[in-house]
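Peer 1: sequence unknown, structure follows:
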Ligand code: SF4
Ligand code: SF4
Ligand code: SF4
């Protein structure tokens with residue numbers, strides 16, 4: 001699999017890639033695992049209840065060794081990567097990128113084969129078994145088109161999860177934290193706050 005991922009990466013750096021217009025800014029120190037972001041996402045996107053499809057997932061990862069143990073929370077979704085491997089491998093070309101960089105799935109064309117999920121380093125792709133279609137975060141593109149921010153970011157009580165113009169985010173914080181896959185492969189539109197946010 002590592003060889004295949006490398007091959008796709010080589011294709012992607014040669015191929016067309018549109019710059020991100022929007023991106024995420026996440027501060028793990030501020031996340032309290034309340035999962036309001038997950039709930040708002042499910043509700044706004046009308047994701048069925050009773051199936052484990054979550055476009056946004058809050059992960060709790062234990063760190064250190066007893067008695068010096070701590071928990072790190074990461075609220076992650078699709079990162080609308082600049083060099084999206086999912087888009088490159090889809091055999092039916094169901095995955096596409098808008099002019100503003102948002103990566104979307106064309107539902108009618110998706111055959112639910114699952115290949116994109118295997119090539120996403122961030123487990124963003126979610127197979128809806130009821131409909132046999134792949135789904136993922138759309139960055140709430142209909143809301144963005146209406147001048148509104150993504151639903152998940154509007155409910156975060158601690159401002160751990162933020163969203164905005166990528167130009168204003170891309171130089172803040174760092175591009176990788178522990179338990180986040182290396183960004184050099186797909187160039188995800190997310191940064192992590194390690195110092196106070198200036199925005
Ligand atoms: S996070 Fe995964 S699903 Fe989203 S654009 Fe990147 S590779 Fe594709
Ligand atoms: S941007 Fe919208 S679809 Fe994406 S995780 Fe947030 S609420 Fe869900
Ligand atoms: S709403 Fe904010 S604080 Fe709560 S789990 Fe999501 S990112 Fe963390």
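Peer 2: Sure thing, it's come through. Since this is a predicted model, take the numbers as computed values, not measurements. Ligands and ions are numbered 1, 2, ... in the order given.
Peer 1: Give me the buried positions along stretch 94-109.
Peer 2: Residues of stretch 94-109 classed as buried by neighbour count (16 or more other CB atoms under 10 Å): 94, 95, 97, 98, 100, 101, 102, 103, 104, 105. To be clear about C-beta, it is placed using only N, CA and C from the backbone, and glycine gets the same treatment.
Peer 1: and residue 162, which of the three is it?
Peer 2: Taking DSSP: H, G, I helix; E, B strand; the rest coil as the rule, one finds residue 162 in the strand state.
Peer 1: Let me see the confidence value for it.
Peer 2: pLDDT, residue 162: 98.
Peer 1: ok so, going back, of the buried residues of stretch 94-109, which pair is most distant in space?
Peer 2: Distance extremes for the buried residues of stretch 94-109: the farthest pair is 94 and 100 at 19.1 Å, using CB to CB.
Peer 1: name the element the residue lying closest to residue 62 once chain neighbours are set aside belongs to?
Peer 2: Nearest residue to residue 62, sequence neighbours excluded (CB to CB, 6 or more residues apart in numbering): residue 71, at 5.7 Å. Under the criterion of DSSP states H and E, residue 71 resides in strand 68-76.
Peer 1: next one: residue 49
Peer 2: Counting by DSSP H and E, residue 49 is part of no helix or strand.
Peer 1: so what's it up against?
Peer 2: residue 42 (CB atoms under 8 Å, 6 or more residues apart in numbering).
Peer 1: what pLDDT does it get?
Peer 2: For residue 49, the model assigns a pLDDT of 87.
Peer 1: do residue 19 as well
Peer 2: As predicted, residue 19 sits at a pLDDT of 80.
Peer 1: Does it fall in a helix, a strand, or a coil region?
Peer 2: At residue 19 the chain is in coil, as set by three-state DSSP.
Peer 1: From the centroid of this structure, which residue is nearest?
Peer 2: When CA atoms, centre = their mean is applied to the chain, the residue found nearest the centroid is residue 78 (1.9 Å).
Peer 1: any idea how far that one lies from residue 157?
Peer 2: In this view, residue 78 and residue 157 are 23 Å apart by CB to CB, to the nearest Å.
Peer 1: In a strand, residue 86, correct?
Peer 2: No: under the criterion used here (three-state DSSP), residue 86 is helix, not part of a strand.
Peer 1: Can you tell me, leaving aside adjacent residues, what's nearest to it?
Peer 2: residue 116 (3.9 Å).
Peer 1: Would it be right to say that that neighbour lies in a strand?
Peer 2: No: counting by three-state DSSP, residue 116 falls outside a strand, being helix.
Peer 1: Might you report the residue contacts of the residue lying farthest from the centre of the chain?
Peer 2: Most distant from the centre of the chain: residue 67, at 32.7 Å, with distances by CA atoms, centre = their mean. Counting by CB under 8 Å, 6+ apart, residue 67 makes contact with nothing.
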